[in-house]
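Asker: Sharing a model that was predicted from the sequence below.
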Amino acid sequence: MPSLRVILLWHQHQPFYKDLVTGEYRLPWTRLHALKDYYGMVKLLDEFPNVHQNFNLVPSLMVQIQDYANGTAEDLFLRVAAKPAKDLSSEERRFALQYLFQANPQNLIGRYPRYKELWERFRQYGDHPERAERYFQAQDFTDLQVLSQIAWFDELFLEEKDIEALVAKGHHYSLEDQQFVIRRERELVSKVLPAHAEAAKKGSIELSATPFYHPILPLVCDTSVGAVSSPGLPLPQNRYRHPEDAREQLIRGLDLHEKIFGIRPRGVWPSEGSISEEVLAIAHSVGVKWMATDEGVLGRSAGVFFARDGNGRLPGNLAEKLYNIHRYENGSTTMHLVFRDHTISDLIGFVYSGMPPEEAARHLIGNIKEAAKPVLAKGHDAVVSIILDGENAWEYYPKSGREFLRRFYDGLQREPGIEAVTISEAIARHKSFEKMTSLVPGSWISANFNVWIGAPEDNRAWDYLYHARQFYAQNAAAAPEAQRKLAFEEILIAEGSDWNWWYGPEHHSANDRDFDELYRKHLSNIYQALGAVPPDSLAQPITGAEVRPSFLPQTAYIHPRITGDKVRYFEWMGAAVYTADQRAGAMHGKQFLLDSVYAGIDSTHVYGRLDFLGKVPEEDFDLVVNVESWASGEPRARRALRVEASVHERGVRSWKIENGSEEKLASSSQPEEHVKLALLRSFEFKLPLAWLLATPSAAPADRTAERKSGALAVASTGKLRLRFSLWQNRLPVDSLPLEGWIELEVLSEGDLIFGA
């Protein structure tokens with residue numbers, strides 16, 4: 001009988017937050033995720049000995065965990081949480097209010113009544129620390145300091161009696177309680193890496209590596225590769241080409257794994273699944289046996305699109321291609337390649353958190369079995385690869401998703417004909433590899449590198465790195481060895497992917513400024529280590545230094561959950577983005593309230609998201625979204641809809657959706673199951689495409705002929721266009737776009753991907 005093998009790879013990663021010169025950690029997320037996710041994720045497998053998995057630990061994350069375990073990490077967030085409340089300065093009190101509530105409101109804050117009470121009090125004063133500070137007494141701050149740490153404790157840690165007793169206390173924490181929590185944090189973080197070593201030693205998991213500081217290796221090898229996967233993409237002024245750095249990042253990553261765990265990794269999940277033929281050759285030369293990336297890279301390389309039916313299933317020929325292990329052979333380079341099922345992986349990351357755990361686990365196992373059916377029916381072994389971030393998703397699950405994972409793992413263990421294996425186990429047991437002789441460079445995001453290069457901010461960051469790298473090459477030889485090593489280390493850090501993740505229009509967070517300042521600090525340290533003064537340009541923010549591109553078209557179907565929480569930026573990847581050019585009107589005194597809008601479709605719905613400039617305005621206002629559909633070649637709109645939401649005290653008081661003749665289609669008093677609106681940090685909505693008489697046409701799955709001819713036929717059934725506006729006192733205050741509309745092509749998913 002053919003076998004169904006399930007590969008689960010959890011990628012554990014945080015940016016390198018440490019400034020090597022000052023020793024300061026700019027942000028606390030390594031420590032907090034080490035407390036909440038890394039230990040429990042691997043220890044959970046003790047309960048399921050027949051479920052083997054893969055854990056990918058980024059080396060620079062491991063170094064940071066060691067720093068915290070050794071007690072040598074300097075972290076302002078930790079210092080503020082540890083300081084006696086009565087001794088906090090006014091600045092520190094405001095810092096605590098600003099940052100100790102940065103957690104999921106429902107599953108982390110809401111789990112602890114006192115923490116929720118303090119959060120709601122803070123929100124009463126508009127999330128403004130300056131306004132709220134006077135309403136928080138010393139006991140309030142002590143409770144906040146303690147609970148903001150406990151909220152991030154792993155489920156297994158919460159079962160320990162001393163911590164369980166502290167949670168049960170609930171409020172009125174003492175200075176001794178506060179000191180206990182801080183002391184225990186270090187002890188708990190120190191358990192993370194030994195837990196992985198133990199699991200790897202007994203064969204429960206396979207540990208894989210990533211290049212040391214998480215660089216996008218194809219771009220480090222040559223930034224011009226960005227235009228290979230996205231023809232016409234604007235590139236930096238200077239071509240960055242340092243394959244020797246890529247090799248160094250890989251070797252360092254493998255070496256650190258071997259030093260800490262006593263096992264040299266056989267495989268690599270390259271940063272963001274980013275690979276190219278040059279990267280494969282380098283990896284082969286340093287002994288890597290397998291690499292993994294996304295199905296989109298396989299699709300572009302093979303000239304196919306993995307188009308699924310209404311039930312999310314691939315036709316037989318595509319299932320056979322995806323649910324296989326590939327062997328790349330080109331010249332002297334050989335590499336086993338595993339390609340993740342994008343759809344199933346995203347279900348875990350973005351969908352199952354909103355379902356009952358038992359139902360979600362059952363649905364996932366059913367999905368895996370159905371996906372593999374066409375392959376098994378032909379008598380071939382099927383390998384279904386599920387690869388995703390192993391930390392951020394769990395913030396959106398109750399109790400870090402442990403009940404879901406337990407039910408899923410139990411189902412895998414009991415289900416006849418399924419085995420959960422490591423990637424090396426899957427390769428060893430596989431009988432028939434599909435051969436590849438060429439590969440189109442790409443990442444797990446839209447099979448290109450557009451997140452990290454192409455936007456003016458991205459390209460400026462690359463140019464600054466280029467100049468710093470050139471300065472090093474010209475001056476390092478004359479510097480003392482210790483300073484030369486420090487400068488080169490800073491170069492490797494600056495090559496990391498995380499800085500450009502936040503530059504450009506795709507992603508934004510409350511910590512954008514921190515990432516920008518830390519990146520420029522790493523570059524400045526290169527010059528300072530070599531005895532020079534950094535260029536003036538590094539004193540100026542990269543974020544906002546250039547006008548962000550006003551419009552980026554949709555490149556993939558999106559399926560966001562409508563929550564109003566813009567932290568879930570992954571769900572909007574591939575959407576069209578329109579960004580306000582605030583500099584254009586600032587000199588004329590224009591008031592800007594809106595920052596950017598996102599819009600996109602899938603086969604049945606149109607989605608929209610509006611991000612505010614800063615916080616949601618405190619004064620009452622109305623939001624209006626005009627949506628129109630146009631048939632190709634027709635001068636008039638086919639259908640027009642108006643979405644109107646009335647906002648009071650920063651929440652939606654009422655809403656309605658009307659068509660062009662002012663007929664009400666749905667409202668807050670008459671909701672419709674296919675319509676949803678939400679306002680939290682952003683305003684989001686979804687509407688049925690059927691209301692706009694717009695239906696994407698089916699696209700052929702196999703695009704080999706068009707790819708070979710160089711001409712992809714993209715047939716649109718029409719367009720949608722949207723405009724967002726904010727009104728106060730019946731007057732329009734701000735709108736995006738200021739003029740015109742944001743447009744979407746009504747295309748099949750395959751046409752979007754190949755036409756992007």
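Answerer: Cool, the structure landed. Numbering: from 1, shown residues only.
Asker: mind checking the backbone torsions on Phe433?
Answerer: Backbone torsions of Phe433, given as degrees, to the nearest 10, read phi -90, psi 140.
Asker: Next up, the contacts around it.
Answerer: Taking CB atoms under 8 Å, 6 or more residues apart in numbering as the contact definition, Phe433 lies against Asn324, Ile325, His326, Arg327, His336. (Glycine included, C-beta is placed from N, CA and C.)
Asker: can you put the residues you listed in CSV and add neighbour count?
Answerer: Below are the contacts of Phe433 laid out as CSV (neighbours: other CB atoms under 10 Å):
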residue, neighbour count
Asn324, 22
Ile325, 23
His326, 20
Arg327, 16
His336, 21
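Asker: Neighbours of Asp381, how many?
Answerer: 20 (other CB atoms under 10 Å).
Asker: Give me the secondary structure label for the most centrally placed residue in the chain.
Answerer: Against the mean C-alpha coordinate of the chain, by CA atoms, centre = their mean, the closest residue is Phe570 at 5.0 Å. At Phe570 the chain is in helix, as set by DSSP: H, G, I helix; E, B strand; the rest coil.
Asker: My guess is it contacts Val351. True?
Answerer: No. Using CB atoms under 8 Å as the test, Phe570 is too far from Val351 to be in contact (11.8 Å).
Asker: Would you quantify the distance from the residue nearest to the centre of the chain to Ala640?
Answerer: Phe570 sits at a distance of 31 Å from Ala640 (criterion: CB to CB, to the nearest Å).
Asker: quick one, what contacts His522?
Answerer: Asp19, Leu20, Glu490, Ile493, Ala494.
Asker: in which helix or strand would I find it?
Answerer: Applying DSSP states H and E as the criterion places His522 in helix 512-529.
Asker: neighbours around Phe153, how many?
Answerer: Neighbour count for Phe153, taken as other CB under 10 Å: 23.
Asker: Which residue is the nearest non-sequential neighbour of it?
Answerer: Closest residue in space to Phe153, ignoring its immediate chain neighbours: Leu35 at 5.6 Å, by CB to CB, 6 or more residues apart in numbering.
Asker: ok, which stretches of the stretch 501-650 of the chain are helices?
Answerer: When secondary structure is read from DSSP state H, counting those that start in this stretch, the stretch 501-650 of the chain shows helices at 512-529, 582-586.
Asker: got the contact list for the closest residue to Tyr352 other than its chain neighbours?
Answerer: Spatial nearest neighbour of Tyr352, chain neighbours left out: Ala360 (3.8 Å); criterion: CB to CB, 6+ apart. Residues counted as contacts of Ala360 (CB under 8 Å, 6+ apart) are Val351, Tyr352, Phe404, Arg407, Phe408.
Asker: Over to Gly718?
Answerer: Ser629, Trp630, Ala631, Ser632, Arg638, Ala694, Val746.
Asker: Closest to Leu523 out of those residues?
Answerer: Minimum distance to Leu523 across these is 43.7 Å, recorded for Val746 (CB to CB).
Asker: Can you give me the neighbour number for the closest one?
Answerer: 23.
Asker: Next: Arg94.
Answerer: Using other CB under 10 Å, Arg94 has 18 neighbouring residues.
Asker: wait, doesn't it sit right on Asp127?
Answerer: No. With contact defined as CB under 8 Å, Arg94 does not count as touching Asp127 (11.8 Å).
Asker: picking up where we left off before, could the contacts of Gly718 go into CSV alongside distance to Leu156 and pLDDT?
Answerer: Below are the contacts of Gly718 laid out as CSV (distance: CB to CB, whole Å; pLDDT from 0 to 100):
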residue, distance to Leu156, pLDDT
Ser629, 52, 90
Trp630, 55, 82
Ala631, 57, 79
Ser632, 57, 66
Arg638, 56, 79
Ala694, 49, 82
Val746, 49, 89
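Asker: before we move on, the earlier item: in the helix holding His522, what's buried?
Answerer: Buried residues in helix 512-529, counted by 16 or more other CB atoms under 10 Å: 515-529.
Asker: Quick one: mean pLDDT over that helix.
Answerer: Averaged across helix 512-529, pLDDT comes to 91.
Asker: rewinding a little: so which of the helices of the stretch 501-650 of the chain gets nearest Gly232?
Answerer: Across the helices of the stretch 501-650 of the chain, closest to Gly232 is helix 582-586 (CB to CB), at 24.8 Å.
Asker: circling back: residues in contact with the residue nearest to the centre of the chain?
Answerer: Phe570 makes contacts with Gly349, Phe350, as judged by CB under 8 Å, 6+ apart.
Asker: Mind doing that once more with 10 Å?
Answerer: For Phe570, the contact set (CB atoms under 10 Å, 6 or more residues apart in numbering) comprises Asp346, Gly349, Phe350, Leu388, Asp389, Asn392, Ala393, Ile445, His507, Pro560.
Asker: and which of the contacts of Ala360 is nearest to Arg5?
Answerer: Nearest to Arg5 out of these is Phe408 (CB to CB; 15.9 Å).
Asker: correct me, but that closest one touches Leu45?
Answerer: No. Using CB atoms under 10 Å, Phe408 is not in contact with Leu45; the gap is 11.9 Å.
Asker: what residue ranges in the chain score low on pLDDT?
Answerer: For the chain, the stretches with pLDDT under 70 are 544-550, 566-569, 581-592, 632-637, 697-717, 730-732, 739, 753-756.
Asker: since we're on the nearest residue to Glu391 once chain neighbours are set aside, how many residues are nearby?
Answerer: Using CB to CB, 6+ apart and skipping residues adjacent in sequence, the residue nearest Glu391 is Asp37, 4.3 Å away. By the criterion of other CB under 10 Å, Asp37 has 25 neighbours.
Asker: just Ala479 next, same as before
Answerer: For Ala479, the neighbour count with other CB under 10 Å is 17.
Asker: Run through the residues that contact it.
Answerer: Tyr472, Lys485, Leu486, Ala487, Ala529, Leu530, Gly531, Ala532.
Asker: What about those, which are in strands?
Answerer: In strands, judged by DSSP state E, none of the contacts of Ala479 are found.
Asker: Give me the residues contacting the helix or strand where Pro194 lies.
Answerer: Pro194 is part of helix 192-201 when elements are defined by DSSP H and E. Defining contact as CB under 10 Å, 6+ apart, one finds that helix 192-201 is touched by 12, 33-35, 37-43, 45-46, 52-53, 55, 57, 61-62, 65-66, 68-69, 154, 156, 204-207, 257, 260-263, 265, 422.
Asker: Perfect, that will be all.
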